[in-house]
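Participant: Give me a 3D structure for the following:
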Amino acid sequence: MKHVVHRLAFVAALCLLALIPLTPGIVQAENGAERKNMALVGHHALHGRSAYQPVIHEHAGRWIAYVGHHRGTARNPLTGKRESNGTSIVDVSDPMRPVYLHHIPGAGAQMAQTCRGRDLPINDAKVYLLRSNGDVSHEVWDVTAPRAPSLISTPLTGGNATHKNWWDCTTGIAYLVYDGRQLGWKTRRLLWIVDLGDPTNPRIIRQFGLPGQQPAQQIFGVPPGAHEATLSPDGKRLFIAYGTGHQGIMQIVDVRKLLNCRPTCPANPTVEELLDPQVGRLDMPHFWGAHTAWPVMGIPVPEQAKFINASPRDFVMLVSESFATECQEDAHDMVFLVDISDESRPFPVANYQVRESQGAFCDRGGRFGAHSMNWSYHPAFYKKLIVVSYFNAGVRAVDIRDPFHPKEAGFYIPATKNNVVAQTNNVEIDGRGLIYLADRAGAGLHIVKLSGTAAQIVQQ
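Facilitator: So this is what the prediction gives:
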């Protein structure tokens, strides 16, 4: 799922992108949009569908965007039919002129992840798409020919809740959020670990959650459900986010211990069995949640270099999701930088937030606050810039080179059209350094690039 891009190739791509016209200036309006050190490269309306997760996959010299959608329906011009929202497949090889290739209908297929067959244990020449299908199931599609995808397996079905998924292409192990109630667990969002090393033959390894969620637990005092899990670049740690926007919990898990129960993992685990893989845990105040927990390991801290073992340091970017419109919440949802250099005692040391006074965002309509951030480990960005979605405040590039003092490096806020305020939902980066914004309010897929001092950070 994660595509490593060599630094020289990345810099060469940025040089090519520099040929795309860029209006000078630090902050200015651009067709009604607002920006700083970012500029619009291309856009596709996605038939007006509410979009959630963009994933960009390079295959056979083409760059393909797979965009998951929220529930709803829209007319598909390719078929002339009205279809339930599922997954849009868009060729973004020329980012200035995206080409819509196909729409896979679904019951709202928010999540999408991809793996090349040659990266998986199966080692074939195909390309695979893993997606959630509404609250019904998780599916795997063969998208080797992106204009003609075909369903090849349904790893999880029979429940009534899905959410985000992470697929480790090296091992084939997928970490899927799915309904646990069908097995007696006390949460609708449980982490299921599934072997998709051969996507045509999925095998469930185990279910995993927090103490209090297991089937033997009494109904009272059930912790919040899982939202997503992200894997460290070395594959040794899993970072699980629970609670999304309220009562958040971030858990660090030893992957080897999580998986070593095979072939007979406990169906009704004890508290001790659930705690065995746990390395560390952070409980947040009730007014903040854990939507995304994304690790950045080994950040140099020059100001602390003379202290013993103070640099480099390990961090998790912990994002709390904004839910209410017009700031009708207990607190401003933001990004927290959590020091995990001592994994057993995670500790927040800084935060990044868009200042409301910067743009009167509470009065613009829609949600204002953080939502998510990029998932890809691209070398030019990693340890230097993260890209954060901020609903009506657009996408934000955040300089984390000094993790104790993160700074905003740039932003792009799509224009308001037809009195609908853009709601930047999830964001992603591709190997060329382009940034993709999926819009919750149906404003489509915006493709932007860094410029100015923000571009200089990733070029270093």
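Participant: Surely Ser451 is in contact with Gly410?
Facilitator: Yes: counting by C-beta atoms under 8 Å, Gly410 is a contact partner of Ser451 at 7.5 Å. For glycine as for every other residue, the C-beta is placed from the backbone atoms N, C-alpha and C.
Participant: who's more crowded, the two?
Facilitator: When neighbours are counted by other C-beta atoms under 10 Å, Ser451 and Gly410 differ, and Gly410 comes out ahead with 27 against 22.
Participant: Using the three-state scheme, assign that one.
Facilitator: Under the three-state scheme (DSSP: H, G, I helix; E, B strand; the rest coil), Gly410 adopts strand.
Participant: any idea how far the nearest residue to it once chain neighbours are set aside is from Ile447?
Facilitator: Spatially, and ignoring its direct neighbours in sequence, Gly410 is nearest to Asn37 (3.0 Å; C-beta to C-beta, 6 or more residues apart in numbering). Separation of Asn37 from Ile447 (C-beta to C-beta, to the nearest Å): 16 Å.
Participant: Now list whatever residues contact both of Ser451 and Gly410.
Facilitator: Overlap of the contact sets of Ser451 and Gly410 (by C-beta atoms under 8 Å, 6 or more residues apart in numbering) consists of 37-38.
Participant: Export only the CA atoms of stretch 224-234, formatted as CSV.
Facilitator: Provided in CSV are the C-alpha atoms of stretch 224-234 (Å, rounded to 0.1, in the frame of the first residue of the first chain):
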residue,chain,number,x,y,z
PRO,A,224,-15.1,3.6,22.6
GLY,A,225,-14.7,1.6,19.4
ALA,A,226,-11.7,1.6,17.1
HIS,A,227,-11.5,4.1,14.3
GLU,A,228,-8.4,3.0,12.5
ALA,A,229,-5.0,1.4,12.9
THR,A,230,-1.7,2.5,11.3
LEU,A,231,1.5,0.5,11.0
SER,A,232,4.9,1.9,11.6
PRO,A,233,7.3,2.0,8.6
ASP,A,234,9.3,-1.0,10.0
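Participant: Centre of the chain to it, how far?
Facilitator: From the chain centre to the centre of stretch 224-234 is a distance of 10 Å (C-alpha atoms, centre = their mean, to the nearest Å).
Participant: Can you give me the buried ones in that stretch?
Facilitator: 224-232 (16 or more other C-beta atoms under 10 Å).
Participant: So what pairs up with Lys407 in the strands?
Facilitator: Asp399 (DSSP bridges).
Participant: Leu176 now?
Facilitator: Asn165, Trp192.
Participant: quick thing: my sequence starts at 19, can you match it?
Facilitator: I'll keep to 19 as the first residue from here, and by that count the last item is Leu194.
Participant: pLDDT value on Glu426, please?
Facilitator: The score at Glu426 is 98. That number is its pLDDT.
Participant: To which secondary structure element type does His65 belong?
Facilitator: helix.
Participant: Contacts only, for it.
Facilitator: Counting by C-beta under 8 Å, 6+ apart, His65 touches 92-95, 106, 118, 121.
Participant: swap the cut-off to 10 Å and go again
Facilitator: 87, 91-96, 100-101, 103, 106, 118, 121, 460, 462 (C-beta atoms under 10 Å, 6 or more residues apart in numbering).
Participant: what does Lys402 give?
Facilitator: 314, 317, 415-419, 427, 475-476, 478.
Participant: That one and Gln478: what is the separation?
Facilitator: Note on Lys402: its distance to Gln478, by C-beta to C-beta, is 7 Å.
Participant: Find residues that contact each of these two.
Facilitator: With C-beta under 10 Å, 6+ apart, Lys402 and Gln478 have common neighbours Arg419.
Participant: What is the nearest of the contacts of His65 to Val337?
Facilitator: Closest approach between those and Val337, by C-beta to C-beta: His87, at 21.2 Å.
Participant: need the helices for the stretch 169-318 of the chain, in chain order.
Facilitator: 273-277, 289-293 (DSSP state H, counting those that start in this stretch).
Participant: Same question for the stretch 369-478 of the chain.
Facilitator: With DSSP H, counting those that start in this stretch as the criterion, the stretch 369-478 of the chain has helices at 470-477.
Participant: Where does the prediction get shaky in it?
Facilitator: Judged by pLDDT under 70, the stretch 369-478 of the chain has no weakly predicted residues.
Participant: what does the chain give?
Facilitator: Along the chain, segments meeting pLDDT under 70 span 19-48, 237.
Participant: how much space between the most centrally placed residue in it and Asp448?
Facilitator: With distances taken as C-alpha atoms, centre = their mean, Trp393 lies nearest the centre of the chain, 4.7 Å away. Noted for Trp393: a distance of 12 Å to Asp448, by C-beta to C-beta.
Participant: okay, and the common contacts of those two?
Facilitator: Here Trp393 and Asp448 share the contacting residues Val73, scored by C-beta under 10 Å, 6+ apart.
Participant: list the contacts for the closest residue to Thr175 other than its chain neighbours?
Facilitator: Closest residue to Thr175 apart from its sequence neighbours, by C-beta to C-beta, 6+ apart: Ser155 at 4.0 Å. Ser155 makes contacts with 124-125, 127, 149, 172-177, 180, 196-197, as judged by C-beta under 10 Å, 6+ apart.
Participant: circling back: now list the buried members of the contacts of His65.
Facilitator: Buried among the contacts of His65 by 16+ other C-beta under 10 Å: 87, 92, 94, 101, 103, 106, 118, 121, 460, 462.
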